[in-house]
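Enquirer: Got a predicted structure here, sequence first:
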Amino acid sequence: MTIALAKKKIGFVDRSIQQPLSSDSSYSNWFRANSMVISWILNYIHKNIAECLLFLQTTREIWIELNHRYEQADDALLYQIQQHLYSMSQGFEDFSTYFTELSKIRDEIRIVQAIPPCSCTSAAEIHKFLEDQRLIQFLMGLNESYKILRGQILMMKPLPTVSTVYSMIIQEERKRGITTSSFFNLDVVVMHISNKTSTNKKQIFCNHCKKSDYTKAQCYRLVGFPANFKFTKSKREDPKATVQNVTTMSAPSISPEQYEHLLQLLSTNTINQLSSVNQIHSSIIEGSLNNGGPLIEE
């Protein structure tokens, strides 16, 4: 609000511009400017707060009321801000968002708990101590992905400033972004080439032999096999062809007379075998009858 009123209007709140009498000729100009500043303040603050300030007549009265409410140091508010500060971490946010939020909390603490300026000989050491504390608090909230960089920063003697560390982490993020985008583009190119190759292979097809990877104009069965072409054996041979080859090789050529003679020999052997079986069967039955076997009636 101080920044917004800095252009010739801050005098309405610090009383450098006095309120003239209503009978004075400059009163109308003052009243117009005072009303304009009041409208600025009421539009800037929250609606619930503006309703409590609506009936105040001057800008100075509104400023004093806001000062009594929010400018005073509050131990409970300080405790709440400190608790938020020490529990804050980057989480899933990007680094810039985390750093901005952390800086806002630090500035709020600086305003609520104002440290008086020091002009002694130890002022530089006190300032460096507070700066190191701020840096350590800042590094504690970083993600584990910055673990190596955080260790390198803590090894520096003396510790760098927060601004220097901010620049280092921004550079680290840019390097990671370049590396990630390079890997991403490479993966996209490889995937595009693979898809294009597979698509081309599927499109090439021979209509004659019904095989892929070449066209009909390149088919060896039509244009002829080259001289150095090596034929590959089939993994599974045709069983019909194998049986036919075995049959052809094992069957001898005989004359009709030899065939008739072979049939007579087979018939004679068959009759002799049957008569021998009948004789053996009859002998078994006669032996059983003579020996009083189970076939004799009692």
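Expert: Done, it's in. Numbering: from 1, shown residues only.

Enquirer: per-domain residue ranges of this structure.
Expert: In the assignment given by automatic domain parsing, the structural domains of the chain cover 11-70, 76-115+124-160.

Enquirer: could you dump those domains to JSON lines with distance to Arg174 and mean pLDDT?
Expert: Using the backbone N, CA and C atoms, a C-beta is placed for each residue, glycine as well. As requested, the domains of the chain are arranged in JSON lines below (distance: least, CB to CB, whole Å; pLDDT from 0 to 100):
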{"stretch": "domain 11-70", "distance to Arg174": "37", "mean pLDDT": "84"}
{"stretch": "domain 76-115+124-160", "distance to Arg174": "11", "mean pLDDT": "86"}
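
Enquirer: can these go into JSON lines with extra columns for distance to Glu173 and mean neighbour count?
Expert: Shown next, in JSON lines, are the domains of the chain (distance: least, CB to CB, whole Å; neighbours: other CB atoms under 10 Å):
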{"stretch": "domain 11-70", "distance to Glu173": "35", "mean neighbour count": "14"}
{"stretch": "domain 76-115+124-160", "distance to Glu173": "6", "mean neighbour count": "13"}
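
Enquirer: Now do Leu266, the pLDDT please.
Expert: On pLDDT, Leu266 comes in at 74.

Enquirer: Then Asp74?
Expert: Reported pLDDT for Asp74: 71.

Enquirer: residues touching it, list them.
Expert: Val112 (CB atoms under 8 Å, 6 or more residues apart in numbering).

Enquirer: before we move on, back to that, output the domains of the chain in TSV, with distance to Tyr166 appended to each entry.
Expert: Listed next are the domains of the chain as TSV, based on distance: least, CB to CB, whole Å:
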stretch	distance to Tyr166
domain 11-70	30
domain 76-115+124-160	6
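
Enquirer: Work out for me the element Asn67 sits within.
Expert: For Asn67, the host element (DSSP states H and E) is helix 59-70.

Enquirer: Can you check which of the domains of the chain gets nearest to Glu172?
Expert: domain 76-115+124-160 (5.7 Å; CB to CB).

Enquirer: Neighbours of the residue lying closest to Ser212 once chain neighbours are set aside, how many?
Expert: Nearest residue to Ser212, sequence neighbours excluded (CB to CB, 6 or more residues apart in numbering): Phe205, at 5.2 Å. The number of residues packed near Phe205 is 14, by other CB atoms under 10 Å.

Enquirer: Can you show me the helices along this protein?
Expert: Secondary structure of the chain (DSSP state H): helices at 11-14, 27-44, 47-53, 59-70, 75-86, 95-112, 123-140, 147-154, 162-203, 220-223, 239-250, 256-290.

Enquirer: hmm, who's touching the first one?
Expert: Contacts made with helix 11-14 from outside it, assessed by CB under 8 Å, 6+ apart, are listed as 5, 17, 33-34, 37, 58-60, 63.

Enquirer: Show me the two of these that sit farthest apart.
Expert: Ala33 and Trp63 (14.7 Å).

Enquirer: List the residues that contact Leu9.
Expert: Quick fix: residue 9 reads Lys, not Leu. 33, 37.

Enquirer: ok, now how distant is it from Ile49?
Expert: 20 Å (CB to CB, to the nearest Å).

Enquirer: Just the CA atoms of the helix holding Asn67, as CSV, please.
Expert: Coordinates of each C-alpha in helix 59-70 appear next as CSV, following Å, rounded to 0.1, in the frame of the first residue of the first chain:
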residue,chain,number,x,y,z
THR,A,59,-7.4,8.2,4.9
ARG,A,60,-5.4,8.9,8.0
GLU,A,61,-8.1,7.3,10.2
ILE,A,62,-8.2,4.2,8.0
TRP,A,63,-4.4,3.9,8.1
ILE,A,64,-4.2,4.2,11.9
GLU,A,65,-6.9,1.5,12.3
LEU,A,66,-5.1,-0.9,10.0
ASN,A,67,-1.8,-0.2,11.8
HIS,A,68,-3.3,-1.1,15.2
ARG,A,69,-4.7,-4.3,13.8
TYR,A,70,-1.8,-5.7,11.7
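
Enquirer: That helix to helix 27-44, inter-axis angle?
Expert: For helix 59-70 against helix 27-44, the angle by axes from the mean of the first three to the mean of the last three CA atoms, to 10 degrees is 30 degrees.
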